[in-house]
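Peer 1: have a look at this prediction, sequence included:
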Amino acid sequence: MALGKYSRIDNNNNRRSSSSSYCSTVTIVVFVGLCLVGIWMMTSSSVVPVQNGDDSAQEKKNQLKDQVTPVINDNNDGSNTPQFEDNPGDLPEDATKGDSNMGLAKDNSNSNLNAQENQENTEENKLDESKKDNEQSNSEGGEKINDSGENSGGQGDSEENSDDKKADSEDSNEKPDSLANDKKSGDNDGEKKLDESSSETNEDKVDGQIEEKVDQNDNKDSDKSSDEAQDDGRLKNQTSNEVFPSGARSELLTETMTQNGSFSTQATESKNEKEALLSSKEYSWKLCNSTAGPDYIPCLDNWKAIRHLHSTKHYEHRERHCPEEPPTCLVPLPEGYKRPIEWPKSREKIWYYNVPHTKLADIKGHQNWVKVTGEYLTFPGGGTQFKHGALHYIDFIEESLPDIAWGKRSRVILDVGCGVASFGGFLFDRNVLAMSFAPKDEHEAQVQFALERGIPAVSAVMGTKRLPYPGRVFDIVHCARCRVPWHIEGGKLLLELNRLLRPGGFFVWSATPVYQTKSEDVEIWEAMVELTKSMCWELVNKTSKDAVNGVAVATFKKPTSNDCYEQRSQQEPPLCPKSDDLNAAWNVSLQTCMHKVPVDLSERGSQWPEQWPARLEKTPYWLLSSQVGVYGKAAPEDFAADNEHWKRVVTKSYINGMGINWSSVRNVMDMRAVYGGFAAALKDLNLWVMNVVPIDSPDTLPIIYERGLFGMYHDWCESFSTYPRSYDLLHADHLFSKVKTRCNSAAVVAEVDRILRPEGKLIVRDNVETISELENMLRSMQWEVRMTYSKDKEGLLCVQKSMWRPKEVEMLTYAIA
């Protein structure tokens, strides 16, 4: 266009000029033109940042852009872009360092081409017109870069040129992240793909996705320029490469990348509006005021309900009595609370101010339960029946009956009336998991001591209801001096143990009736012999007194067939009707009956599990292909897939990707366990996992026990039977989206705050909407959001509890004694 204009003027001049003046004019024009070009080049070099890349590399880069452009234009979903992102090729390092450099480099390259063209034109056209055109061209390109911060190409660009620039913009956004991933993860393709997906947090998301965040807030300004968004995205990705794992990519759905240019999408506008409305919702937390203070357990400290009990004969006052409305206040911290001592040192000592109770030390100090030693509470490892150490007692039991085979045949046990749980604490040395429980009674804070030491325990009592465990799951039930009257009322309490014990499992009893000669002890022993015989339990061993601890042990074995039941002269205790489900355990009254032993080889309980550790990975023999698993596959397939799923997540994501110091993690809870895959994947770490199966979820808890793991049933609309500050880490896989439909979400979050220790971690996997709501609530409690990530409506959240407590107090009248 301009060339034609200049040519016409030039032709007119040729007609009017003489040959001599023409030569001098051309000479002057060429000289002045060369000077101006030199000045222009010097000016350009002062504006454009220095590029270290060579010309050949730059040419390859431009060629690569040209090849990719048609793919991007034809497929806006970005399905073909990973091939480009994964192969930065021969790009120089500086070419991938920043969006601003990329944009200016591109401008510099285009400007050089324009300069060469203009220089050729000046040899044929007039200098003044060429100069005007060159200045106009530079002002159009340069102003748009400076004003908008991106090389948009302007409104006047041709369609082809616009497409090229669009490809360049996308290239400049994606290549730095791809190269950064190559540097950080080497050949780990999974991590590269994940970080490339996370780089797309700079672009508008579909389906209301949230952005990845690592110790920082969301950037929700949809009007910010593209370069600013790209710079923020690159910063987030550099941080996320250090924290966010690669494993989550394989577990979250594939994210779709779009390029929207300068336009916002309806999805983004709606998302920002929803988030703004959500963030505007304020949560006002208060501090719980109860008689129990920092040790408040809502369902065990409901004094209003306790005062209205008709009887406490069967320890009804130690059972769960949950308030009609679960509390939404936060439990205070003990004055002087510190971060708990790490395992294994915690087994021997804990901070006094974390559990500031001395009554048990006064009562049981001479039995080496617990002692006060300066700023510590120390635990010599003793108990009522093993004053000189639990390990000697543990070995004494196995020596008296080698079939027990700690850590091989016997893996999961139930310890009744555990005290401070030293027995369970030292069984870890024999690869045994002990589910220890004791009531919240006059033995002040005994279960709290156990949990603070890093030993699994819950507050429970053998009263009028079944314990929250399925039937036929424990390899051994142990009772030292547990103060349970097994022999009374037709053996109702012992029959509950019979429900819990595997066929062929052992009941180990070392209470005083086993070895004392006092009339009361003798009477109880005789009653126990008669009762166990009627239950078809076999007394397989009764030791003499141990020389060290001065106690003896009696061991009973549950039958593995129904022969004895059928041959009894008197059917007392009676067999349970077929309609009685031995796995039904949530708020179910105790039954004075026995369930038959399964004889079908495909029925659970007919065979003993594999020895530990083989049983952890072994698909339970009673999972049949004709059964449908939780995730819709055949049950054995479902189990195996879940196992592999959590191996990937834990190994690639949780262990190395979230910045969690796992050496400081001891007490872990999976709030919605399915097959126990999460706990199984953590088997090599020095921790234990309480697998909770919610009462409205498929009953997979027997499978968890079959694997050599343990857990319990629970309703998350109520408080858990544990003391405050019990767990170092809570894991919730699609729990909150389910419970919020029937529970008070604020109460569930307050319960999470209650049972999690300060500086403890919460990992949540759920849908994006639930993640956003939960994040907002946790932020209002001053929790630190360490990371969030989302992909196609699925999200991941990792947060850390703070020491913050609210100032305003809420009086819980039902919790005042």
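Peer 2: It's in. Please read these numbers as outputs of a predicted model, since none were measured by experiment.
Peer 1: use CA for all of it now, contacts and neighbours both
Peer 2: OK.
Peer 1: residue ranges in the stretch 251-400 of the chain under the pLDDT threshold?
Peer 2: 251-264, 268-281, 365 (pLDDT under 70).
Peer 1: can you give me the strands in it?
Peer 2: 287-289, 349-351, 371-373, 376-378 (DSSP state E, counting those that start in this stretch).
Peer 1: which of the ones you listed sits closest to residue 608?
Peer 2: strand 349-351 (37.5 Å; CA to CA).
Peer 1: ok, residues contacting the closest one?
Peer 2: For strand 349-351, the surrounding residues in contact (CA atoms under 8 Å, 6 or more residues apart in numbering) are 338, 340-341, 375-379, 452-453.
Peer 1: can you redo those as TSV with distance to residue 770?
Peer 2: Listed next are those as TSV, based on distance: CA to CA, whole Å:
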residue	distance to residue 770
338	32
340	31
341	34
375	43
376	41
377	41
378	43
379	43
452	31
453	34
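Peer 1: which PyMOL command selects the buried ones in the residues you listed?
Peer 2: Buried residues among these (16 or more other CA atoms under 10 Å), as a PyMOL selection:
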select buried, resi 340+341+376+377+378+379+452+453
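Peer 1: could you measure from residue 541 over to residue 781?
Peer 2: 55 Å (CA to CA, to the nearest Å).
Peer 1: which residue of those two possesses the greater neighbour count?
Peer 2: residue 781 (22 against 14; other CA atoms under 10 Å).
Peer 1: quick one: residues contacting that one.
Peer 2: Counted by CA under 8 Å, 6+ apart, residue 781 has contacts 285, 804-805.
Peer 1: so who does residue 400 touch?
Peer 2: So residue 400 contacts 541, 543 (CA under 8 Å, 6+ apart).
Peer 1: what of residue 711?
Peer 2: 469, 689-693, 701, 704-705.
Peer 1: if we go to 6 Å?
Peer 2: Residues counted as contacts of residue 711 (CA atoms under 6 Å, 6 or more residues apart in numbering) are 690-692.
Peer 1: again with residue 611
Peer 2: Applying CA under 6 Å, 6+ apart to residue 611 gives the contacts 408-409.
Peer 1: and it, what pLDDT?
Peer 2: Reported pLDDT at residue 611 in the predicted model: 98.
Peer 1: I'd assumed it was in a helix, is it?
Peer 2: No. Residue 611: not assigned to a helix; according to DSSP: H, G, I helix; E, B strand; the rest coil it is coil.
Peer 1: quick one, phi psi at it?
Peer 2: With angles defined as degrees, to the nearest 10, residue 611 sits at phi -70, psi 150.
Peer 1: measure it to residue 708 for me?
Peer 2: 9 Å.
Peer 1: equivalent analysis for residue 530, please.
Peer 2: 32 Å.
Peer 1: over to residue 641?
Peer 2: When residue 641 is compared with residue 708 (using CA to CA), they lie 19 Å apart.
Peer 1: who's more crowded, those two?
Peer 2: Between residue 641 and residue 708, residue 708 has the larger neighbour count (other CA under 10 Å), namely 29 against 15.
Peer 1: list the contacts of that one.
Peer 2: 411-412, 616.
Peer 1: can you check residue 417 too?
Peer 2: 437-438, 482.
Peer 1: now do residue 288
Peer 2: Per CA under 6 Å, 6+ apart, neighbours of residue 288: 329-331, 810.
Peer 1: the same query, at a cut-off of 10 Å, please.
Peer 2: Residue 288 sits next to 294, 296, 327-332, 806, 808-812, 815 when contact means CA atoms under 10 Å, 6 or more residues apart in numbering.
Peer 1: kindly report the same for residue 401.
Peer 2: With the criterion set at CA under 10 Å, 6+ apart, residue 401 makes contact with 395, 540-543, 555.
Peer 1: for the residues you listed, which two are the farthest from each other?
Peer 2: 395 and 540 (17.3 Å).
Peer 1: these two: who's more crowded?
Peer 2: Relative neighbour count places residue 395 above the other of residue 395 and residue 540, with 16 against 11, counting by other CA under 10 Å.
Peer 1: related to what we said a few turns ago, turn the contacts of residue 708 into JSON lines, including pLDDT.
Peer 2: Output for the contacts of residue 708, formatted as JSON lines (pLDDT from 0 to 100):
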{"residue": "411", "pLDDT": "98"}
{"residue": "412", "pLDDT": "98"}
{"residue": "616", "pLDDT": "98"}
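Peer 1: which among these gets closest to residue 579?
Peer 2: Using CA to CA, the contacts of residue 708 come closest to residue 579 at residue 412, 27.8 Å.
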